[in-house]
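>>> below are the sequence and a predicted model; questions follow.
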Amino acid sequence: KMADNWILTVTARTPTNIAVIKYWGKRDEKLILPVNDSISVTLDPDHLCTTTTVAVSPSFDKDRIWLNGEEISLSSGRFQSCLREIRARAGDVEDETKGIKISKKDWEKLHVHIASYNNFPTAAGLASSAAGLACLVYSLAKLMNVNEDNSRLSSIARQGSGSACRSLYGGFVKWIMGKEEKGGDSIAVQIADEKHWDDLVIIIAVVSSRQKETSSTSGMRDTVETSLLLQHRAKEVVPRRIIKMEEAIKNRDFESFAQLTCADSNQFHAVCLDTYPPIFYMNDTSHRIISIVEKWNRSKGIPQVAYTFDAGPNAVLIARNREVAADLLQRLLFYFPPNSDTNLNSYLLGDKSI
Ligand code: 2P0
């Protein structure tokens with residue numbers, strides 16, 4: 001019989017990701033299978049990321065989870081799916097220095113404690129389930145010695161939150177929607193690593209730190225049920241954009257990249273407006289940022305900056321290089337001076353030297 005005075009822990013860190021071709025709409029809510037492929041860029045792990053420590057000990061009498069130091073419920077179907085899928089794949093674990101030996105079948109009886117921290121203010125409205133669920137699945141897989149590659153793990157993370165499957169890789173990542181009913185082929189793959197296009201600088205302009213009014217999960221459900229534009233988008237528009245976006249990324253073609261990124265963000269928000277009841281994620285400040293970037297890009301003849309907005313009003317701005325990023329920050333300060341009515345907090349990601 002095993003002694004029960006030991007504890008084994010694993011810590012992992014996972015960055016969040018920003019979609020440039022958006023995921024919006026599920027064909028299967030329980031398995032989280034999307035209606036179209038999506039493509040994202042994973043942020044540098046020094047910035048918006050989740051750090052998770054998972055622990056196992058025979059003295060734990062149930063599975064528990066803490067988020068930013070506060071215990072939350074683990075009872076949601078999504079957490080339970082991830083835990084079940086990982087446990088089903090658990091392997092033998094041996095730590096000779098501690099005299100610990102866990103066999104595959106022991107994992108059915110052992111309980112885990114999970115502690116997760118976001119290194120960005122949750123109140124900033126940037127809290128994304130992507131980094132959190134990806135980190136949870138990855139750290140549990142390490143703890144339980146799950147012998148699966150990242151694409152198989154991405155399929156498990158997907159069942160925690162759709163966008164989480166894309167955070168298991170750095171660089172540019174494609175989530176393939178897949179065809180199978182059970183979703184085994186709905187996985188993420190890396191299309192270019194983090195070094196491939198390192199001229200790009202990402203700036204997040206925090207327009208509002210208010211929590212969004214419509215959650216992504218319920219917003220998507222309403223869209224799937226009511227928007228005809230979504231059907232056109234998923235069948236006709238996104239498949240072509242995915243091919244073009246992959247090409248643009250491979251060739252580091254900023255002009256095509258920016259055109260596709262901005263167009264896809266705008267279509268995603270058009271689909272939200274086409275939903276009943278309509279969903280408004282952007283506000284007047286978001287719209288002003290779009291106008292400023294569009295005018296600037298047109299005046300230069302070639303795009304300098306791409307913008308994209310998710311399920312909230314905050315702008316994600318992707319500058320073609322460091323010089324443009326410095327110029328962009330100047331412009332944001334000019335149009336949105338600190339301590340004015342519209343106070344914008346810009347987070348510069350990826351290059352602290354500007
Ligand atoms: C994306 N978003 O591709 C899109 C663009 C928001 C706008 O993925 O229900 O939190 O957990 O699968 O992943 C946000 O949705 O939704 C999202 P669930 P998720 O990044």
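All right, it came through fine. Numbers count the residues shown, from 1 in each chain.
>>> can you show me the helices along this protein?
77-88, 129-143, 150-158, 216-226, 228-232, 238-250, 254-273, 284-300, 322-335 (DSSP state H).
>>> out of the ones you listed, flag the one nearest Glu180.
Ranking those by their distance to Glu180 (criterion: C-beta to C-beta) puts helix 150-158 first, at 10.3 Å. For every residue, glycine as well, the C-beta is placed using N, CA and C.
>>> and that closest one, what does it pack onto?
With contacts taken as 3 or more C-beta pairs under 8 Å, 6 or more residues apart in numbering; DSSP states H and E, helix 150-158 sits against helix 77-88, helix 129-143, strand 188-192.
>>> setting aside sequence neighbours, what's the nearest residue to the closest residue to the ligand within the stretch 51-200 of the chain?
Going by C-beta to the nearest ligand atom, the ligand is nearest to Gly162 of the stretch 51-200 of the chain, at 2.8 Å. Of all residues not flanking Gly162 in the chain, Ile32 sits nearest, at 4.9 Å (C-beta to C-beta, 6 or more residues apart in numbering).
>>> how many neighbours does that neighbour have?
Other residues within reach of Ile32, judged by other C-beta atoms under 10 Å, total 24.
>>> which residues touch it?
By C-beta atoms under 8 Å, 6 or more residues apart in numbering, the contact set of Ile32 is Lys26, Arg78, Arg158, Gln159, Ser161, Gly162, Gly183.
>>> just the pLDDT at the nearest residue to the fourth one once chain neighbours are set aside, thanks.
Think Gln159. Of all residues not flanking Gln159 in the chain, Ser81 sits nearest, at 4.3 Å (C-beta to C-beta, 6+ apart). pLDDT recorded at Ser81 is 97.
>>> equivalent analysis for Phe268, please.
At Phe268, pLDDT is 98.
>>> contacts only, for Ser116.
Listed by C-beta under 8 Å, 6+ apart, the contact partners of Ser116 are Thr50, Thr51, Thr52, Ile65, Trp66, Leu67, Asn68, Gly132, Cys135, Leu136.
>>> try 6 Å this time
Thr50, Thr52, Leu67, Gly132 (C-beta atoms under 6 Å, 6 or more residues apart in numbering).
>>> any idea how many residues pack against the closest residue to the last one other than its chain neighbours?
For Gly132, ignoring the flanking residues on the chain, the nearest one in space by C-beta to C-beta, 6+ apart is Thr50 at 4.8 Å. When neighbours are defined as other C-beta under 10 Å, Thr50 has 29 of them.
>>> likewise Thr9?
Using other C-beta under 10 Å, Thr9 is surrounded by 14 other residues.
>>> so who does it touch?
Taking C-beta under 6 Å, 6+ apart, one finds Thr53, Ala55 in contact with Thr9.
>>> up against the ligand, what does the stretch 51-200 of the chain have?
Within the stretch 51-200 of the chain, the residues that sit near the ligand (C-beta under 6 Å from any ligand atom) are Ser129, Ser161, Gly162, Ser163.
>>> quick check: the last one vs Gln304, distance?
Translated: Ser163. Distance of Ser163 to Gln304, computed by C-beta to C-beta, to the nearest Å: 27 Å.
>>> got it, and the second one?
Counting by C-beta to C-beta, the separation of Ser161 from Gln304 is 33 Å.
>>> which of Ser163 and Gln304 has more residues huddled nearby?
Ser163 (29 against 21).
>>> so what's the more buried one up against?
Contacts of Ser163 by C-beta under 6 Å, 6+ apart are Ala130.
>>> same thing with the one 3 residues further on?
Counting by C-beta under 6 Å, 6+ apart, Arg166 touches Asn17, Ser40, Val173, Trp175, Ala188.
>>> most surrounded residue in those residues?
Asn17 (30 neighbours).
>>> show me what that residue is bridged to.
Beta-bridge partners for Asn17, by DSSP bridges, are Thr42.
>>> next up, the contacts around it.
Applying C-beta under 6 Å, 6+ apart, one finds that Asn17 lies in contact with Ser40, Thr42, Ala130, Arg166, Ser167.
>>> hmm, 7 Å instead?
Residues near Asn17 by C-beta atoms under 7 Å, 6 or more residues apart in numbering: Ser40, Val41, Thr42, Leu43, Ala130, Ser163, Arg166, Ser167, Val173.
>>> send the alpha carbons of stretch 162-173 over as CSV?
The C-alpha trace of stretch 162-173 is given here as CSV (Å, rounded to 0.1, in the frame of the first residue of the first chain):
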residue,chain,number,x,y,z
GLY,A,162,-12.8,26.1,-28.5
SER,A,163,-10.1,28.7,-28.8
ALA,A,164,-7.9,26.9,-26.2
CYS,A,165,-6.9,24.3,-28.7
ARG,A,166,-4.9,26.9,-30.6
SER,A,167,-2.8,27.9,-27.5
LEU,A,168,-0.9,24.6,-27.4
TYR,A,169,1.5,25.9,-30.1
GLY,A,170,3.5,29.1,-30.5
GLY,A,171,3.6,31.1,-33.7
PHE,A,172,0.7,30.8,-36.2
VAL,A,173,-1.8,28.1,-35.6
